[in-house]
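> next comes the sequence, and after it the predicted model I'd like to discuss.
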Amino acid sequence: MTDLQQLKNIKLDYEDNIAIVQLNQENSKVNILSRKMMNEFVPVFNHLKNDDNIKGIIVISAKPGSFIAGADINMFESVKSRDELYQMSRNGQEIMNQIEQSSKPIIAAIAGSCLGGGFEVALACHYRIAMNDKRTGFGVPEVKLGLLPGAGGTQRLLKNLSLSDALDLILAGKEIKAKKAKAMGLVDILVEPIRSDVQDIEEQNIEYLRSIAIRKVKEIVVQKPTKRKFGLMENIKSIIMLNSYVRNYILSQAQAKVMSQTQGLYPAPLKILDVIQQTLENGSKVGLNAEAEAFADLAITNEAKALISLFHGRTECKKNKYGKPEREIKTIAIIGAGAIGAGIAHVSIDKDFQVILYDTTSSALYHGQSQIIKSYQNYIKRNRITSTEYSRILSNLNCQTTFDNLEKCDIIIESVFEDLKLKQNILNELEQYIPEHCIFASNTYILSIHQIAANSRRPHKVIGMHYFSPVDKVELLEIIRAKQTSDNTICTAVSVGLKQGKIIIIVNDSPGFYTTRLLIFSFIELFYLLQEGLLPNDIDKATKKFGFHIGLAILLDSGVASRVAIGQLPPKSNSIAT
Ligand SMILES: CCCCCCCCCCCCC[C@H](O)CC(=O)SCCNC(=O)CCNC(=O)[C@H](O)C(C)(C)COP(=O)(O)OP(=O)(O)OC[C@H]1O[C@@H](n2cnc3c(N)ncnc32)[C@H](O)[C@@H]1OP(=O)(O)O
C-alpha cells in the first residue's frame, strides 16, 4: 500500500475542497506513465475518490514543457509475453474508465506535451484546460512506434471527433497545438500564457494555469457540468457516420492512402483501421477489446521493436554530449544563397538567430531570399504562424553581397559548390573579417574538412556541417569533426544544429563521412542493375517496396547524388562513423 505522505512522483495539494494532483516524475525531464507513476497515481486517485471532503480533482504537471509524454516506452520492452501486453492495455483502459466515470469532476490542466497515454488521460478527464503556447501539443504518436493508442484512446478520439479527424490523428501520429485542439473540440478552455520577461516564466505559467483550473472546477462543483454542445456541422457529420456506406468509403480511402504511403510494410496503421472498423460496426465494448488485442499483437512485432529503437536513437541524437558552448551563438553568416544555403537560413531565423545571407550577385541572393519568403508565406496560409510572427522571423534575415557586419558573427556556415580551392579561398578571405571566437563550418558532403582548413590561421575552429535538402524538412544534420577540430567548436556546432531542430550525428572526417559513403554503395549497386538492363522506374518501385522513402534511381537523378556517384568516389578508409 502506497503511503500518501511518501509520494515521490506526485505532489498532492489541496485548496478548499479541491485536490490538486501535481505530476512530477522523479529524475526525469518529462512525466511518463511508468510503473512508478501508476503505483502512486492509482492509490492517490482511489483515496480522493473515497474522501467525501473532496469535491473536485485537478491533474496538472509540475514540469515545464511536459504534461505527460505517454506511457513508459521502456515498459513495453521489458515485458515478456503478449498476454502481459494485452493485460497492460486492459489495465490502462480500466484506469481511464474509472477517471471518466468518477462522480467528482476531474480537470486536466495541460501545459507542455500531452502525448500518447498522456492524451488518453486528458481525454478521460471531464474537462481540459490548455496553455496556448508553443510547447503545448496534443497527439497520439503511437503509430510512429509501431503501436496504437492502447488505453482507450482510439475509442475516445472516435467519440470526440469526426471519423476523418480521428483517423488523421491516429494514423499520422501528428501533433496539434492547443489552439487547433480547441477548435476541434478536444480542449474546453485555452489559457493565454503570461507574456513577460521575468525569470521562471514557465513555473509562473503553471501557477496561473493551476489557479484557473481551481476556479473552473469550483464552478463545476457548484453548477454541475454542462455537456458539450455539438455544432450543426458536427451533428451532420455524426449522422453521416451512422451510414455504413459513407463510413466504409472513408475507411477504404484511408486504407488506400496507408498502402500508398507505406507499401503495406508497417502493420500498425492497418491494425488501427481494423480496430476502428470493429468499433464502428460493433460498438465500444468490442472496440476496447480489439484495441487491447491489437496493442499486444503490435508490441511484439519486429517493426515495433525497430521503431522503438529508432526513438531511443533519435533521443540520443538530440543530446549535446560536448556540454555547453563557451559562448552563446547569436549571429550566423551563411555564405551561398542556393537552395541549401537559403534552407539553412530558413531553419535559423525562426529560432531567433540573426542571419546574414551572403552571395556574390543580387540575383542569386534574390533567389535564396524568395525561397525563404515563399515558405514562410505558406506557413501563414496554413495557419502555422501569424503575420506578426512572420514579420518578427523575417526581420532576423539580412541579405547582402558584401562582407559587411561579419565582425558580429559567431559562426559562418559556408554552403558553396563542392570545390576545394573555392572553399579554402573563402575561409582564408573571411578570416580577415570575422572575430577571433567565430567558428567556420563548411557544408560539404564529400570534401575533407582537414584539407579545407589546410591554410587556416585557426584550424581548430573549422568543422563540417552537412545539411540535407530540403533543409526545412530533412531533420538530419551530419557534423564532421576533423582531427584538429576543438571540442568547443564541435559543441558549438551541435548547439546551433539542435536549436535549428536537427537530429545530429557526429562523424569523423573520413572519405564520404557517413551518409555519402552509404549512398555510394547503393549507387554502385544501382549502376550494376542499370547495366543489367533494369529500368530506373522498376528500380524505384523495387526500392520503395523494400521500404526506401524515395526510389534509388530518382535519388541518383537529384544533383547531389549524381555528382557523388559519377565523379567523386572517395578512396578506401577504415574510419568509422560516430
Ligand atoms: C495517470 C496514470 C494513469 C495510468 C495509465 C496506465 C498506462 C498504461 C497503459 C499502457 C497501454 C498503452 C498506452 C499508450 O497508448 C501507449 C503510449 O503512450 S506509447 C508512448 C507515446 N508517446 C510518445 O511516443 C512520446 C515520446 N516522446 C517524445 O516525443 C519526446 O520525448 C517529447 C515528449 C516530445 C519531449 O521531447 P524533448 O523535450 O526533446 O525531450 P527528449 O525527447 O530528449 O526526452 C527526454 C527524456 O524523456 C524520455 N522519454 C520521453 N518520452 C518517453 C516515454 N513515452 N517513455 C519513456 N521515456 C520517454 C526520453 O527517452 C529522454 O530520456 P533520457 O534520454 O533523458 O533518459
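Right, received. Where do you want to start?
> enumerate the residues of the stretch 51-200 of the chain near the ligand.
Counting by Cβ under 6 Å from any ligand atom, the stretch 51-200 of the chain comes close to the ligand at 69-74, 88-89, 92, 95, 113, 115-117, 120-121, 141-142, 145, 147, 149-151, 153. The C-beta positions use only the backbone N, C-alpha and C, and glycine is treated the same way.
> measure Asn425 to Asn488 for me?
Distance, Asn425 to Asn488, by Cβ to Cβ, to the nearest Å: 26 Å.
> so which bits of the longest helix that the chain contains are buried?
Across the chain, the helix with the greatest residue count (assigned by DSSP state H) is helix 201-223. Judged by neighbour count using 16 or more other Cβ atoms under 10 Å, the buried positions of helix 201-223 are 202, 205-206, 208-210, 213-214, 216-218, 220-221.
> output these as TSV; include the columns pLDDT.
Compiled in TSV, those are given as follows (pLDDT from 0 to 100):
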residue	pLDDT
Glu202	82
Asn205	91
Ile206	93
Tyr208	94
Leu209	96
Arg210	96
Ala213	96
Ile214	96
Lys216	95
Val217	94
Lys218	95
Ile220	91
Val221	90
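> nearest to Ile413, of those?
Glu202 (30.7 Å; Cβ to Cβ).
> could you check how far that closest one is from Ile110?
If you go by Cβ to Cβ, the gap between Glu202 and Ile110 works out to 14 Å.
> and the end-to-end length of stretch 97-117?
One end of stretch 97-117 sits 13 Å from the other (Cα to Cα, to the nearest Å).
> could you do stretch 60-71 as well?
16 Å.
> what residues sit buried inside it?
60-61, 63-71.
> what's the answer for stretch 415-428, then?
Buried, per 16+ other Cβ under 10 Å, within stretch 415-428: 415-416, 418, 423-424, 426-427.
> ok, which stretches of the stretch 101-250 of the chain are helices?
Applying DSSP state H, counting those that start in this stretch to the stretch 101-250 of the chain gives helices spanning 117-124, 153-160, 163-172, 178-183, 201-223, 232-241, 244-262.
> so what's the spatially closest residue to Val416 that is not a sequence neighbour up against?
Nearest residue to Val416 in three dimensions, chain neighbours excluded: Gly336, at 4.3 Å (Cβ to Cβ, 6 or more residues apart in numbering). Applying Cβ atoms under 8 Å, 6 or more residues apart in numbering to Gly336 gives the contacts 358-359, 414-416, 443.
> distance of Gly336 relative to Asp419?
Applying Cβ to Cβ to Gly336 and Asp419 gives a distance of 11 Å.
> ok, Ile480 next?
17 Å.
> cool, Gln432 as well?
Using Cβ to Cβ, we find Gln432 at a distance of 21 Å from Asp419.
> and for Arg215?
From Arg215 across to Asp419, the span is 65 Å (Cβ to Cβ).
> check Asn428 too.
14 Å.
> so what's Asn97 closest to, chain neighbours aside?
In this structure, Asn97 finds its nearest non-sequential neighbour in Gly152, 6.9 Å apart by Cβ to Cβ, 6+ apart.
> now Ala304
Ala304's closest residue in space is Gly146 (Cβ to Cβ, 6+ apart), at 3.2 Å.
> next, count neighbours for that neighbour.
23 (other Cβ atoms under 10 Å).
> check the residue nearest to the spatial centre of the chain and give its pLDDT.
Centroid-nearest residue in the chain: Glu175, 7.9 Å away (criterion: Cα atoms, centre = their mean). Listed pLDDT for Glu175 reads 96.
> from what I see, it and Arg135 are in contact.
No: Glu175 lies out of contact with Arg135 (Cβ atoms under 8 Å); the separation is 10.9 Å.
> neighbours around Gln354, how many?
19.
> what do you get for Pro43?
When neighbours are defined as other Cβ under 10 Å, Pro43 has 16 of them.
> can I assume it is in contact with Gln6?
No: contact criterion Cβ under 8 Å: Pro43 and Gln6 do not qualify, at 11.0 Å.
> where does Ile446 sit: helix, strand or coil?
What DSSP: H, G, I helix; E, B strand; the rest coil gives for Ile446 is coil.
> OK, contacts around Arg314?
Arg314 neighbours (Cβ under 8 Å, 6+ apart): Ile503.
> show me which residues of the strand or helix carrying it are buried.
Element membership for Arg314 (DSSP states H and E) is helix 302-317. Using 16+ other Cβ under 10 Å as the test for burial, helix 302-317 gives 304, 307-308, 317.
> contact partners for Arg210?
Counted by Cβ under 8 Å, 6+ apart, Arg210 has contacts 20, 58, 60, 109.
> so how many other residues sit close to the residue nearest to the third one when sequence neighbours are not counted?
Beyond its immediate neighbours in the sequence, the residue positioned closest to Ile60 (Cβ to Cβ, 6+ apart) is Ala109, lying 4.2 Å away. By other Cβ under 10 Å, the residues close to Ala109 number 29.
> also Asn282?
Neighbours around Asn282, by other Cβ under 10 Å: 12.
> any idea of the pLDDT on it?
pLDDT, Asn282: 92.
> Gln6 now?
87.
> could you measure from it over to Leu498?
Remark: distance between Gln6 and Leu498 (Cβ to Cβ) = 37 Å.
> also Lys179?
Using Cβ to Cβ, we find Lys179 at a distance of 26 Å from Leu498.
> and the residue in the stretch 151-300 of the chain positioned nearest to the ligand, what is it in contact with?
Residue of the stretch 151-300 of the chain nearest the ligand, by Cβ to the nearest ligand atom: Ala151 (4.1 Å). Contact analysis of Ala151 by Cβ under 8 Å, 6+ apart lists 71, 89, 92-93, 95-96, 117, 120-121.
> could you tell me how many residues sit around Gln277?
The burial count assigned to Gln277 is 16, neighbours taken as other Cβ under 10 Å.
> which secondary structure element is home to it?
Using DSSP H and E, Gln277 sits in helix 267-282.
> moving C-terminal of that helix, what's the next helix or strand?
Counting by DSSP H and E, what follows helix 267-282 is helix 284-299.
> list the contacts of the residue nearest to Lys36 when sequence neighbours are not counted.
The shortest distance from Lys36 to any non-neighbouring residue, by Cβ to Cβ, 6+ apart, is to Asn9 (5.8 Å). Asn9 is in contact with 23-26, 31, 36-37, 40, counting by Cβ under 8 Å, 6+ apart.
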